[in-house]
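Peer 1: predicted coordinates and the sequence they were generated for:
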Amino acid sequence: MVHRIGDIATALGGRAVGDIGLTVRGAAEPSGAGADDLALAMSPKYAEGLRAGKARAALLWDGADWEALGLRAAIFVARPRLAMAGLTRVFDPGPEIAPGVHPAAIVDPSAEIGAGAAIGPFVVIGRGVKIGPRARIASHVSIAEGALIGADALLLQGVRIGPNVRIGDRFVAQPGAAIGGDGFSFVTPEKSGVEEIRSTLGQREEIREQAWTRIHSLGSVRIGDDVEIGANATVDRGTIRDTQVGNGTKIDNLVQVAHNVIVGEHCLLCGQVGIAGSVRVGDRVVLAGQVGVNDNIVIGNDVIAGGGSKIFTNVPAGRVILGYPAIKMEGHVESYKGFRRLPRLMAQVAELQKAVSKLTKSD
């Protein structure tokens, strides 16, 4: 698809200069851009790349001399990274899913499919399912009985939606996401070793044979509007009440949200985050990659946890944490500095011991 520079600038809320009628077909990094590409050069460090490439137009940093860079047109925006969101939306054609219901799809007669929906091959839609208008469902998706999915949803290949899951509008699920599987809940007839060490912090009176009995999941999952879930991420159904994910929350690939968890609005859960059962996560919380969260704790609003942090206790609102166990970020940084100094400190102690030993012998 061809786009005019002036139209792109309008879509981004930016300012176009030069030949605003110039057309482009795609976006590219500056050094690899062709004549029909819009080069993305949003920092002065990309100037050399622009000269190496063949772009005639570029998205530039504020104050750039576009004519000196050999361009015929340029777009300037107030916040380049935000402009990337609009720009990629302009150029993204989306997945190819033919309108209507594919002949190879299996749709229960009781299911309700909204107007303008597109359902691909080998999709299975169960009893009593409701799919909102303009939903797009790619191949090999399964939606279990009683599920409800709002308007303008996009479910990509192999997504699994469990029974009675409730999902709002504009939901996006990447390939392999699984929403509404059973929670990981098991119990032993007598007090288990895990329960014992929770109370004793490591001490065990005896070790005995134990067998695990399943606790069934009677709840489901409720997801708000504008939620996105990454490839092979999982959100488990609740034991009695529903697991919940709030409006606007974005969940990355390979994230695990366990049973009974409540995630607030506009959170970011980055790759390989694991949240154990019955955790409450506030609004606008950011958990960076590989953060682990212990069960039955509360994370307040606006918390940011650095990558690899392990959260074992409640976190008050607004705190920035890091480490294992997670503590205030500034405390963790100071502790790490101290750890780095240990070899030098030990060498100094050894020298002092030698000096003291010599003084003792001389006495």
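Peer 2: Right, received. Where do you want to start? Numbering: from 1, shown residues only.
Peer 1: got a pLDDT number for residue 363?
Peer 2: With respect to pLDDT, residue 363 has a value of 60.
Peer 1: what's the spacing between the closest residue to residue 20 other than its chain neighbours and residue 57?
Peer 2: The shortest distance from residue 20 to any non-neighbouring residue, by CB to CB, 6 or more residues apart in numbering, is to residue 6 (3.5 Å). Bear in mind the C-beta positions are built from the backbone N, C-alpha and C, glycine included. In this structure, residue 6 and residue 57 are 11 Å apart, going by CB to CB, to the nearest Å.
Peer 1: sec struct for the residue nearest to residue 20, please.
Peer 2: At residue 6 the chain is in helix, as set by DSSP: H, G, I helix; E, B strand; the rest coil.
Peer 1: about what we covered before: the more surrounded of residue 6 and residue 57?
Peer 2: Per other CB atoms under 10 Å, whichever of residue 6 and residue 57 has more neighbours is residue 57, with 27 against 16.
Peer 1: help me confirm that that one comes into contact with residue 74.
Peer 2: Yes. The pair residue 57 / residue 74 is scored as a contact, 6.4 Å apart, by CB atoms under 8 Å.
Peer 1: overlap in contacts of the two?
Peer 2: residue 18 (CB atoms under 8 Å, 6 or more residues apart in numbering).
Peer 1: residues touching residue 29, list them.
Peer 2: Contacts of residue 29 (CB under 8 Å, 6+ apart): 39, 40, 49, 53.
Peer 1: same thing with residue 84?
Peer 2: Taking CB under 8 Å, 6+ apart, one finds residue 40 in contact with residue 84.
Peer 1: repeat the analysis, applying 7 Å as the threshold.
Peer 2: If a contact means CB atoms under 7 Å, 6 or more residues apart in numbering, then residue 84 has no contacts.
Peer 1: ditto for residue 144
Peer 2: Taking CB under 7 Å, 6+ apart as the test, what residue 144 contacts is 126, 161, 162, 163.
Peer 1: what does residue 225 give?
Peer 2: 150, 168, 169, 170, 247.
Peer 1: show me the residues you listed that map onto helices.
Peer 2: Counting by DSSP state H, no part of the contacts of residue 225 is found in helices.
Peer 1: could you dump those to CSV with distance to residue 277 and neighbour count?
Peer 2: Converted to CSV, the contacts of residue 225 look like this (distance: CB to CB, whole Å; neighbours: other CB atoms under 10 Å):
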residue, distance to residue 277, neighbour count
150, 27, 22
168, 23, 21
169, 28, 18
170, 28, 19
247, 23, 16
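Peer 1: closest one to residue 96 out of these, please.
Peer 2: Using CB to CB, residue 170 is the member of the contacts of residue 225 that sits closest to residue 96, with 19.8 Å.
Peer 1: was I right to think that closest one contacts residue 226?
Peer 2: Yes. When contacts are counted by CB atoms under 7 Å, residue 170 is listed as touching residue 226 (5.0 Å).
Peer 1: next one: the residue lying closest to residue 249 once chain neighbours are set aside, what pLDDT does it get?
Peer 2: Distances taken as CB to CB, 6+ apart place residue 267 nearest to residue 249, at 4.4 Å, with adjacent residues excluded. If you check residue 267, the pLDDT there is 98.
Peer 1: repeat for residue 154
Peer 2: pLDDT recorded at residue 154 is 98.
Peer 1: pretty sure residue 127 sits in a strand.
Peer 2: No. The assignment for residue 127 (three-state DSSP) gives coil, which keeps it out of a strand.
Peer 1: can you give me phi and psi for residue 274?
Peer 2: Dihedral angles of residue 274 (phi, psi; degrees, to the nearest 10) stand at phi -130, psi 120.
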